[in-house]
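Peer 1: I'll drop the sequence and a predicted model, then ask my questions.
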Amino acid sequence: MRLMLLASAAMLIGGTACAQTMLGQSQPGQDVVVVPPAPPVVAGLPNAPEVPVAPQPALPPGLVQTPFPPPNAASGGPNAGNADNGDASPVQAVSPSAGPLPAVGSVPPAVAGTTPPASPDIAPVPADKWVAGQTAELGVLNKIDGSTKILTIPVGGQNVAGDLTVSVQACEMRPPGVLPDSAAFITLQSNAPQGGGSPVYRGWMVHSVPGATDAGDAGEAFRVITCS
């Protein structure tokens, strides 16, 4: 009976020591064994998001950018090998200088050199041509009583109207094909008893400009009617 109790006690003591050894506890007089803790589990870094890249703008249909001309096959450029192997694909390039196609319904600009010159704003001046005549026909208006009369005076001749002597030095008219007009170079001189009267008017009288004639204080007004 005692032997059985001793065996049971020994078994209990041995089991306790084994348990203390497994749990890392040491008895007095034994070396201490330290078991380091397990390293913590570190989660992996998340993948960095990719930076979005802006897409290149697409070229309009039918246009290909050609900043430089393609190298010649004999110069050994980067496309020479592809040309020899037959891998190069022909690309039809459009010259950068070519402008955009005109819109539907638009009017193309006029070609240089085909536009007729603009007409001048100033009316052309007719040629100043006159034809010499032989006889001047003058109209005379009496300023006092309003009576009128016609004087026919040859070039170089003279006549009397009231208290004035009328002399004709020249007579001219417009040629056929232009607007008709007449002019006469006239001298108006007051009548004096001794014949030494002072001239009142000397110059051209034109049929189309009757208001340009001023005979001063004379009692008569004159106008060129025609020249023949």
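Peer 2: Great, that's in hand. Keep in mind it's a predicted model, so treat the numbers as computed, not measured.

Peer 1: so Gly216 sits right up against Arg202, yeah?
Peer 2: No. Contact between Gly216 and Arg202 fails when scored by Cβ atoms under 8 Å: they sit 11.4 Å apart. (Glycine included, C-beta is placed from N, CA and C.)

Peer 1: which one of those two has more residues nearby?
Peer 2: Per other Cβ atoms under 10 Å, whichever of Gly216 and Arg202 has more neighbours is Arg202, with 12 against 9.

Peer 1: Contact partners for the more buried one?
Peer 2: Each residue near Arg202 by Cβ atoms under 8 Å, 6 or more residues apart in numbering is listed here: Ile186, Thr187, Leu188.

Peer 1: Kindly report the same for Pro199.
Peer 2: Shown in contact with Pro199 (Cβ under 8 Å, 6+ apart): Thr187, Leu188, Gln189.

Peer 1: lowest average confidence, helix or strand, in this protein?
Peer 2: helix 80-85 (a mean of 48; mean pLDDT, DSSP states H and E).

Peer 1: Identify the neighbouring strands of the next helix or strand after it in the sheet and state each direction.
Peer 2: Counting by DSSP states H and E, the next helix or strand C-terminal to helix 80-85 is strand 131-132. The pairing partners recorded for strand 131-132 under DSSP bridges are strand 164-173 (antiparallel).

Peer 1: List the contacts of the partner strand.
Peer 2: Here strand 164-173 has contacts from 130-136, 138, 151, 153-160, 180-191, 197, 200, 215, 218, 220, 222, 226-228, using Cβ under 8 Å, 6+ apart.
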